[in-house]
Structures are given as C-alpha cells and as structure tokens.
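S.K.: only the shape, not the letters, is given here:
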C-alpha cells in the first residue's frame, strides 16, 4: 500500500459495508491517509480479514437492519477506537425487478438495508459526534436516487431517501460541527452488480458520457475529501456525484 498525504492523521472512522466494494476502497484510502479504522460488515470473518489486509484497527459484525446489532457494533468500534470521528454508511444491496412484478419482500429488504440501515447507524453514532463537537457522516447513495432507474424502483427510492435523510440530519447537527454529506456514485464495478442483468448493464454503459462504469478506487477520494480538514469543512448536506456523467446537476 502506497503512502498518502496524511490528510486524516489522528482521525477515527467506522465504515459499514467495509469488507468489500466501495466500502473497502474507502477503508483502505482512510488507512492510507492516516486514519484509524474499524471495518463493519454482515460477516464477522470478512470484516476481520479485510481489516487485517488493509491495516485497520479491527473488524466487527453488523446487521444494519437490526437495532441491537448496530448498537453493539458501535460499542465495539468505540472500544477499539476510543471515539468515532467519521461514519461512512456504505452497506447496501441491489436487486432488480419491474415494480409491477416486485414482491413486497424484495421492497422491504432493500429499504431495510439501504435506508433504515443508514438511519440506525446515524442514530447510534451521531450523538457521540455532537458531544465531542466534531464529526463527519458520509452516506453512500446513488445517482439513481436522483434520476430513477428501470426495474430499480426499490433501490432508487431507498437511495433518494438517503439523500433526503442526509440533508435533514445535516440541518440538525451542523451547528455542532458535525457535517453530513452523501456520495451518489454512478454504476461501479462491485459485487452488487452480480444481481443486475447483463442487459441492464450494457444499456447503462451506452448511456454514460464516459462510456464505462467506475471502479471503487475512483469513489474513495471523494470520501477522503469529505472527511478531511480543511478540505471537507464547507460541505453541508451536499450530494457529490462521481457518476461517469450519468447525472449533471
């Protein structure tokens, strides 16, 4: 692992979904920039392995849909880190079905992981940030939360909810020097795409001005910026879009 600039020296971070995809890329970038990191993921063994691979402080298990699990994971992270300066909510799932054929179970599962999970993690981490009067919350949303997507109504609705949650929480806690922002990537080559059809992926690539999907390492620098001081100091309730040109606000 090559050295970074030290822009996160002395900071601590909890990253959900940190054992793979965008979450792992952010965790690796944070360690490289000097942060002490706890990786949280549904699978304990994956969390521990990912943490060991990147030189993080530890890995913990978390089911972001379960309040007791979230509370326990936050307590474990605090025991490892002493405090949590940065929370990255990157845990997520993606499935595909036209709304008229979508089961309520598919809808509920997606909203539980992709939206309620963000709420629960914020609910148990942000009070500590307010108390210490410094914090950064970075929620991984999606450009589909801004524009919608065929056969992805549940996913787009959840991610639109994440953007709305981000703005609302930002208004509540900015006065305490806790800054809440979102990243809305375009399509990124991660394991999440395993549940998306090749036909959807091919059609999506054809729409992108850049003509390709991103990779996780291209998303991580945005998360570093938002967590850094002074780089992230003026971002409040914003949604940044490394999305291959899919959305141009």
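M.R.: That came in fine, so what should we check first? These numbers come from a predicted model, not from an experiment.
S.K.: the longest helix seen in the chain packs against which elements?
M.R.: Assignment by DSSP state H gives helix 153-173 as the longest helix of the chain. In this structure, helix 153-173 packs against helix 104-111, helix 117-132, strand 135-140, helix 144-147, strand 178-183, with contacts taken as 3 or more C-beta pairs under 8 Å, 6 or more residues apart in numbering; DSSP states H and E. Bear in mind the C-beta positions are built from the backbone N, C-alpha and C, glycine included.
S.K.: flag every buried residue along that helix.
M.R.: 153-163, 165-167, 169-170, 173 (16 or more other C-beta atoms under 10 Å).
S.K.: SS state for residue 38?
M.R.: Here residue 38 is recorded as strand under DSSP: H, G, I helix; E, B strand; the rest coil.
S.K.: distance of the residue nearest to residue 15 when sequence neighbours are not counted relative to residue 173?
M.R.: Using C-beta to C-beta, 6 or more residues apart in numbering and skipping the chain neighbours, the partner closest in space to residue 15 is residue 88 (4.3 Å). Distance from residue 88 to residue 173, counting by C-beta to C-beta, to the nearest Å: 16 Å.
S.K.: then residue 188?
M.R.: 28 Å.
S.K.: pull the residues that contact the helix or strand harbouring residue 23.
M.R.: With elements taken from DSSP states H and E, the one containing residue 23 is helix 21-32. Applying C-beta atoms under 8 Å, 6 or more residues apart in numbering, the contact partners of helix 21-32 are 1-4, 8, 11, 13, 15-18, 37, 39, 41, 50-51, 54-56, 86, 88, 90-91, 138, 140, 185, 188, 190-192, 216-217, 219-221, 223-224, 227.
S.K.: mind checking pLDDT for residue 66?
M.R.: Model confidence at residue 66, given as pLDDT, is 98.
S.K.: again, but for the one 4 residues further on
M.R.: Residue 70 is assigned 98 on the pLDDT scale.
S.K.: wait, what's in contact with it?
M.R.: Counted by C-beta under 8 Å, 6+ apart, residue 70 has contacts 62, 63, 64, 117, 120, 121, 123, 124.
S.K.: number of nearby residues for the first one?
M.R.: Using other C-beta atoms under 10 Å, residue 62 has 29 neighbouring residues.
S.K.: tell me which helix or strand the closest residue to it other than its chain neighbours sits in.
M.R.: In this structure, residue 62 finds its nearest non-sequential neighbour in residue 73, 3.8 Å apart by C-beta to C-beta, 6+ apart. For residue 73, the host element (DSSP H and E) is helix 67-81.
S.K.: from the chain's centroid, how far away is the helix or strand just after that helix?
M.R.: For helix 67-81, the following helix or strand on the C-terminal side (DSSP H and E) is strand 86-89. Distance of strand 86-89 from its chain centroid, counting by C-alpha atoms, centre = their mean, to the nearest Å, is 7 Å.
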